[in-house]
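Asker: Quick one: sequence plus predicted model below, questions after.
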Amino acid sequence: MKRLSTKAVLALIGVLIVVLSLVVFLRRAPQTLKQRKHIPGGATSTAVSTATVIPGTASSWPVISRNAPAFASSEYYPASNANDDNYGVSWRSLATPAWLAYDLSDVPVSYRGEVLVVWYNPTYDYDHTLNGDKAYNLPQDYTIEVNMAPGDRNPPDSGWVVLATVKGNHYHSREHVIDMRGSNWVRIVVTAVDGAPQNEDVNIKMDIYATNYGVTDNWIFFGDSITAGAMGYPTVDGTKTFAQFISAKVPNHFPAQEAGGIGYLKSSDGAKYINLWLQLFPGRYVVLSYGTNDALGCIDAHVFYQNYVVMVQAVLRAGKIPIVPRMPWGRDANIQDCAPALNAGIDALYRAYPQIMKGPDFWSFFQNHPTLISNDGVHPTYAGFGAYRQLWADAMLEAVYR
């Protein structure tokens, strides 16, 4: 038998090392999901990537509508409230149908290509129909339109081109990526409203972002009533929004951010609806913050864990980054007795899915600051909601924006 040369031996050793490394990697990597059929209202499933997500930094993109000339069909509150930097105010019409239009002709043409339109309504729950609560002045049927007419004058009466049409909406915020190349105007036209009696006109804040760097700097916080109370767009007890906290520390960023909290929801509800919700969200960062209602009902910890697995895998399939905090401490007896096992499940989730970004440890924080929990023993006080929002901003400044 012919003796191999030293060079050939080294080459063979190199091949063996590569093969052995691949075998070890495949044995250690978590199993991927099998593909599932498309289901109505859900996203078509694909295999989950086994690679660890490295968040890095979110790309910067400006709010091009800030303080641009704003016009409306009618004004109970002025149209200029819709795009100023005070998130404690908004535009409200006198009737429905109603429209709100922005003149963006002074915005550099390079920023008026593909843009993100985000509107916010002050209704408490992300989807009030899931818990039977009421909505207030919420756009139900509407279009997003653009116009090429010159700016620096009143909105044009004709020439509007519809780029997005929504029917039967019950969400308190929505996002639309549209192409406004060649256009100077953007408007929303609302023809039907979801609202309680005497709350049937239109009430929104609306921001428009240039998306030259994509829609990566974009967040949604899914969860229960604590998330709904803390992460909405309005100012809470003097506490600014999540986006304003980020911008104060990193001035070239002003992230888009929706509050996906709904009162009374449990992890099982999140697992049930996550695919539908993700279809509405074009951004990158998806917070999953359930547990309080599960603890109040002393749900089995294994069931809770599996519900989170469903949600995390759905987010990964969608190509987005899941972010999971530890659930908050509370004085309620069931929270005291049952929540530690659920938080242990969240800790196990971190180990099983390194793709997850860790959110704040709300258990330790509120345990150390019990006066920030209200008299019901469950929900934070107004100051507690503000602290909750601040903790999210601090944690994400470190994890994403550093």
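Answerer: Yep, it's here. Worth saying up front: this structure is predicted, and the values here are computed from it rather than measured.
Asker: Tell me which helix or strand the closest residue to H379 other than its chain neighbours sits in.
Answerer: Distances taken as C-beta to C-beta, 6 or more residues apart in numbering place I226 nearest to H379, at 6.2 Å, with adjacent residues excluded. Heads up, the C-betas are built off the backbone N, CA and C, glycines and all. Per DSSP states H and E, I226 falls inside helix 225-231.
Asker: mind listing what's buried in the helix or strand following that helix?
Answerer: Using DSSP H and E, the helix or strand that follows helix 225-231 in sequence is helix 242-249. For helix 242-249, the neighbour count (16 or more other C-beta atoms under 10 Å) marks F242, A243, Q244, F245, I246, S247 as buried.
Asker: do stretch 134-144 as well
Answerer: So for stretch 134-144, counting by 16+ other C-beta under 10 Å, buried means A135, Y136, N137, L138, P139, Q140, D141, Y142, T143, I144.
Asker: Same list (those) but as JSON lines, adding secondary structure and distance to D157.
Answerer: Output for the buried residues of stretch 134-144, formatted as JSON lines (DSSP: H, G, I helix; E, B strand; the rest coil; distance: C-beta to C-beta, whole Å):
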{"residue": "A135", "secondary structure": "coil", "distance to D157": "31"}
{"residue": "Y136", "secondary structure": "coil", "distance to D157": "30"}
{"residue": "N137", "secondary structure": "coil", "distance to D157": "25"}
{"residue": "L138", "secondary structure": "strand", "distance to D157": "27"}
{"residue": "P139", "secondary structure": "strand", "distance to D157": "22"}
{"residue": "Q140", "secondary structure": "strand", "distance to D157": "25"}
{"residue": "D141", "secondary structure": "strand", "distance to D157": "21"}
{"residue": "Y142", "secondary structure": "strand", "distance to D157": "19"}
{"residue": "T143", "secondary structure": "strand", "distance to D157": "16"}
{"residue": "I144", "secondary structure": "strand", "distance to D157": "18"}
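Asker: Now flag whichever of those residues is closest to F385.
Answerer: Among these, Y136 lies closest to F385 (C-beta to C-beta), at 19.2 Å.
Asker: show me what contacts the closest one?
Answerer: Listed by C-beta atoms under 8 Å, 6 or more residues apart in numbering, the contact partners of Y136 are N121, P122, T123, G195, A196, N199, N203.
Asker: Can you tell me how far the residue nearest to it when sequence neighbours are not counted is from A72?
Answerer: Nearest non-adjacent residue to Y136, counting by C-beta to C-beta, 6+ apart: N199, 4.3 Å away. Using C-beta to C-beta, to the nearest Å, N199 is found at 18 Å from A72.
Asker: and the two? which has more neighbours close in?
Answerer: Remark: of N199 and A72, A72 carries more neighbours, 24 against 16, as counted by other C-beta atoms under 10 Å.
Asker: pretty sure that one contacts A95?
Answerer: No - using C-beta atoms under 8 Å, A72 is not in contact with A95, being 11.1 Å away.
Asker: just to revisit the earlier point, just the buried ones among the contacts of Y136, please.
Answerer: N121, P122, T123, G195, N199, N203.
Asker: and of those residues, the nearest to Y213?
Answerer: Using C-beta to C-beta, N121 comes nearest to Y213 of those, at 27.2 Å.
Asker: Next up, the contacts around the residue sitting nearest the centre point of the chain.
Answerer: For the chain, the residue nearest the mean C-alpha position is I220 (0.9 Å; C-alpha atoms, centre = their mean). Contact analysis of I220 by C-beta under 8 Å, 6+ apart lists Q257, E258, A259, G260, W277, F281, G283, Y285, V286, V287.
Asker: could you redo the last one with a cut-off of 7 Å?
Answerer: By C-beta atoms under 7 Å, 6 or more residues apart in numbering, the contact set of I220 is E258, G260, F281, G283, V286, V287.
Asker: One more: Y120?
Answerer: Counting by C-beta under 7 Å, 6+ apart, Y120 touches S173, I204, K205, Y233.
Asker: In JSON lines: the buried residues of stretch 134-144, plus distance to V310.
Answerer: Output for those, formatted as JSON lines (distance: C-beta to C-beta, whole Å):
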{"residue": "A135", "distance to V310": "28"}
{"residue": "Y136", "distance to V310": "32"}
{"residue": "N137", "distance to V310": "34"}
{"residue": "L138", "distance to V310": "28"}
{"residue": "P139", "distance to V310": "30"}
{"residue": "Q140", "distance to V310": "30"}
{"residue": "D141", "distance to V310": "32"}
{"residue": "Y142", "distance to V310": "32"}
{"residue": "T143", "distance to V310": "34"}
{"residue": "I144", "distance to V310": "32"}
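Asker: can I get the residues you listed in CSV with distance to W392 and pLDDT?
Answerer: Listed next are the buried residues of stretch 134-144 as CSV, based on distance: C-beta to C-beta, whole Å; pLDDT from 0 to 100:
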residue, distance to W392, pLDDT
A135, 25, 97
Y136, 25, 96
N137, 27, 98
L138, 25, 98
P139, 27, 98
Q140, 30, 98
D141, 33, 98
Y142, 30, 98
T143, 33, 98
I144, 29, 98
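Asker: Understood, closing this out.
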